[in-house]
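1. dropping a prediction and its sequence here:
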Amino acid sequence: MRKSFFLETATVFGKPLRGDQIAGLIPSLPFREGEIVYSRNNKKSCIAQDFKGRLGYLQQFDLVLDEAVSLPINVKQSDLYIIYLMQASDSIQIANAQNASVTSLNKRRARYIYLPRGHYYLHVPPGTYQLFVCYFDVGIFDAGADHDFDFLQPLLEAHRQKSSTPLVSSDFMAGPVTVIYIRSLCKKLKKADVDSQIAIIFHLKEMIKLSKRKIDRELEAVTENEDMVKTAKTLIELGVEENGMRYDLSSLTDVLPLGEANLTLLFKKQFGVTPTQYKKRYLIEKAKLLLLSGETVMSVTDRLGFKHERSFYRLFKRITGKSPKE
């Protein structure tokens, strides 16, 4: 996917630093792979990372400022962006070329923004900021796929019509669950790798679904319990993708305000199985795909984090009624 969002950091932070000049500069959200640029100008510093995927483009900025700045933004192609302000000392603002406000964003909030091609400014007060920006091939919403995403439809229509007017969605919380989603995504970034490209679009789609749930929750269109149970389901899927059988379900209650017993009760009511049962079924579905692709039972056992081949065999047989070889 082509890069379209250019935050021109050199105007404030100067030229990129050499490797021997970056001591003390550590990205808050390291990409597994991608481009990274460090720059520093007296007490101001910037770490800029980006990753180009086939269907999505990801960017992360760590900014430290001793005074208010206005960073030029050059949008070279009209696109739909998701902007997350993960940490911040104050609110930030995006303005157009005439310095009229397009939108603002507060700490731990996010929003979708359609920006037509042109020049903009990012106004940032003094302090420390962590900004994550991603954009994606909006073609994933063609043929009616946007039906369930009311909050996105005006922005998608503006993009399709090549509107010359910026448009923004409602803002929504970017809390601990969002951080888990984004960190999981950044761990999977790998150039020239088909699995990584699939993982990127999968994670972006899940982040869009999470956005919808957060907006619906704040508008009271869904209940808090319904939102949390759906979030728990996706966290289990992400956990299995990263850690297989080793994924610890107790981590769910670390980020969701529910006790284990209550979460289990609500999860079973919503999906007909307990979180433990769902984790095991999701594991076996993943195992099926790996086996059908030609991987050996031993390879799948190891890849999915089972300690012993016999424990994988027993679980597979219990859930599918067949052995892995069958």
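-> Sure thing, it's come through.

2. going forward, measure contacts and count neighbours with C-alpha atoms only.
-> Noted.

3. I'd assumed residue 250 was in a helix, is it?
-> Yes. Counting by DSSP: H, G, I helix; E, B strand; the rest coil, residue 250 is part of a helix.

4. wait, doesn't it sit right on residue 260?
-> Yes. Contact between residue 250 and residue 260 holds when scored by CA atoms under 8 Å: they sit 7.4 Å apart.

5. run through this structure and note the low-pLDDT ranges.
-> Applying pLDDT under 70 to the chain flags the ranges 143-145, 221-222.

6. quick one, domains of it?
-> 5-182, 223-320 (automatic domain parsing).

7. how about the ones you listed in CSV, adding mean neighbour count and distance to residue 193?
-> Formatted as CSV, the domains of the chain follow (neighbours: other CA atoms under 10 Å; distance: least, CA to CA, whole Å):
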stretch, mean neighbour count, distance to residue 193
domain 5-182, 17, 10
domain 223-320, 16, 16
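
8. nearest to residue 215, out of the ones you listed?
-> Across these, the minimum distance to residue 215, taken as CA to CA, is reached by domain 5-182, at 5.8 Å.

9. start to end distance for that closest one?
-> Counting by CA to CA, to the nearest Å, you get 19 Å between the two ends of domain 5-182.

10. what about it, distance to the chain center?
-> Here domain 5-182 is found 13 Å from its chain centre; the criterion is CA atoms, centre = their mean, to the nearest Å.

11. can you check stretch 310-321 too?
-> That offset, for stretch 310-321, works out to 33 Å (CA atoms, centre = their mean).

12. which residues does that stretch contact?
-> 280-281, 284, 301, 306, 322-324 (CA atoms under 8 Å, 6 or more residues apart in numbering).

13. tell me the SS of residue 57?
-> Applying three-state DSSP: residue 57 is strand.

14. doesn't residue 132 make contact with it?
-> No. Assessed by CA under 8 Å, residue 57 is found out of contact with residue 132, at 10.9 Å.

15. what's the helix ranked longest in the chain in contact with?
-> Using DSSP state H, we find that the single longest helix of the chain is helix 194-218. Identification of contacts with helix 194-218 by CA under 8 Å, 6+ apart yields 53-56, 136, 149, 151, 170-173, 178, 181, 185, 188-190, 222-224, 227, 231, 234.

16. out of those, name the ones that lie in helices.
-> Going by DSSP H, the helices hold 178, 181, 185, 224, 227, 231, 234 from those.

17. got those residues as TSV, with distance to residue 18 columns?
-> Below are the ones in helices among the contacts of helix 194-218 laid out as TSV (distance: CA to CA, whole Å):
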residue	distance to residue 18
178	33
181	32
185	28
224	49
227	46
231	42
234	40
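
18. ok so residue 74 is a helix residue?
-> No. Going by three-state DSSP, the assignment for residue 74 is strand, not a helix.

19. helices along the protein, start to end?
-> 10-13, 153-160, 176-187, 194-218, 224-243, 252-255, 260-271, 275-292, 297-303, 309-320.

20. residue 38: which of these is closest?
-> helix 10-13 (9.1 Å).

21. I'd like to know which elements the closest one is packed against.
-> strand 35-41, strand 44-52, strand 69-75 (3 or more CA pairs under 8 Å, 6 or more residues apart in numbering; DSSP states H and E).

22. got the CA positions of that helix in PDB?
-> In PDB, the C-alpha atoms belonging to helix 10-13 read as follows (Å, rounded to 0.1, in the frame of the first residue of the first chain):
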ATOM      1  CA  ALA A  10      12.600  17.400  10.200                       C
ATOM      2  CA  THR A  11      11.200  21.000  10.400                       C
ATOM      3  CA  VAL A  12      11.200  20.800  14.200                       C
ATOM      4  CA  PHE A  13      13.500  17.900  15.200                       C
END
